[in-house]
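J.: I need the structure of the sequence given here:
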Amino acid sequence: MDTRVVDHPLAAARLSTMRDARTGSAEFRSALQELTLMLIYEATRDAEVVTEPIHTPVARTDGYRLANPPLLVPVLRAGLGMADQAHRLIPEAQMGFVGLARDEETLLPTPYLESLPEDLSGRSVFVLDPMLATGGSMVYTISLLTGRGARDVTAICMLAAPEGLQKMEDSGLPVRVVTASVDERLNESGFIVPGLGDAGDREYGSV
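T.: Have a look, this model is predicted:
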């Protein structure tokens, strides 16, 4: 499994803002959105493009567009904070949604929403979720996508834990991961250490 860690001073600065317990929700969301742009940029580095003629005010030249814009799939609720920025950078992309709640006792995902195209054959998909912790939610989501024919799936996360990456590897699913950091471990509650806490609560407040 290909795991890309975006090693860049700006990415590290935004991630540090998100980690800091003193950061309020508005500043947290802003840092999340800015870091999302950097991760999407890296995730599309090798994207296939098609060439088409365009005319500048001065001359004719070659222009480029994505040959296969990805389907963007935020995992609710935390992934919503990444969705607008991803769409801003790839406005031609379609968007689907998967809603999962984590059982705090078993740490397993409980689905409550699936809004996806029926046929994803030949489609590229970007799954947006700030945290890859136990890997349960991501494996569930990618299994849904591959079950509909997707074979080119990228998981885009602010943070990843080694345990979650190993679960993804063990699943055998066709996925690559783009993240800003691979942290130390999970604690007994399934939170990433040092991590940044509960991303959804940091974005939107506890409910």
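
J.: per-residue confidence for the residue of the chain most remote from its centre?
T.: Relative to the centre of the chain, the most outlying C-alpha is that of Val58, 39.4 Å out, by C-alpha atoms, centre = their mean. pLDDT, Val58: 97.

J.: and stretch 94-114, how far out from the chain middle?
T.: Distance, stretch centre to chain centre, for stretch 94-114: 15 Å (C-alpha atoms, centre = their mean, to the nearest Å).

J.: and stretch 159-168, by the same measure?
T.: With C-alpha atoms, centre = their mean, you get 14 Å for stretch 159-168.

J.: which residues does it contact?
T.: Contacts to stretch 159-168, defined as C-beta atoms under 8 Å, 6 or more residues apart in numbering, come from residues 1, 3, 15, 130-136, 138-139, 142, 155, 175, 177, 179-186, 192-193, 195-196. All C-beta atoms are positioned from the backbone trio N, CA, C, and that covers glycine.

J.: which of those are buried, as a PyMOL select command?
T.: Typed into PyMOL, the line below selects the buried ones among the contacts of stretch 159-168, using 16 or more other C-beta atoms under 10 Å:
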select buried, resi 3+15+130+131+132+133+134+135+136+138+139+142+155+175+177+179+180+181+182+183+186+192+195+196
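
J.: the contacts of stretch 159-168 in helices, which ones?
T.: Leu15, Gly136, Met138, Val139, Ile142 (DSSP state H).

J.: how about the nearest residue to the last one, chain neighbours excluded?
T.: Which is Ile142. Leu173 (4.9 Å; C-beta to C-beta, 6 or more residues apart in numbering).

J.: I'd say that neighbour and Met138 touch.
T.: No. Between Leu173 and Met138 there is no contact under C-beta atoms under 8 Å: 9.0 Å.

J.: tell me what the strand or helix carrying Ala11 is packed against?
T.: Using DSSP states H and E, Ala11 sits in helix 9-19. For helix 9-19, the packing partners by 3 or more C-beta pairs under 8 Å, 6 or more residues apart in numbering; DSSP states H and E come out as helix 25-43.

J.: after the helix it packs on, heading C-terminal, what element do we hit next?
T.: Helix 25-43 is succeeded, C-terminally, by strand 49-55 (DSSP H and E).

J.: parallel or antiparallel, which strands does that following strand pair with?
T.: Applying DSSP bridges, strand 49-55 is found paired with strand 60-66 (antiparallel).

J.: how far off centre is the strand it pairs with?
T.: The answer for strand 60-66 is 28 Å, by C-alpha atoms, centre = their mean.

J.: heads up, I number from 35, so please use that
T.: I'll keep to 35 as the first residue from here, and by that count the last item is strand 94-100.

J.: for that strand, output the C-alpha coordinates as PDB.
T.: C-alpha atoms of strand 94-100 as PDB (Å, rounded to 0.1, in the frame of the first residue of the first chain):
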ATOM      1  CA  ARG A  94      -2.700  29.700 -29.300                       C
ATOM      2  CA  THR A  95      -1.300  27.100 -26.800                       C
ATOM      3  CA  ASP A  96      -2.000  23.800 -25.200                       C
ATOM      4  CA  GLY A  97      -4.300  23.700 -22.100                       C
ATOM      5  CA  TYR A  98      -4.900  20.800 -19.700                       C
ATOM      6  CA  ARG A  99      -7.800  19.300 -17.700                       C
ATOM      7  CA  LEU A 100      -8.200  16.200 -15.600                       C
END
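
J.: fine by me, we can end here.
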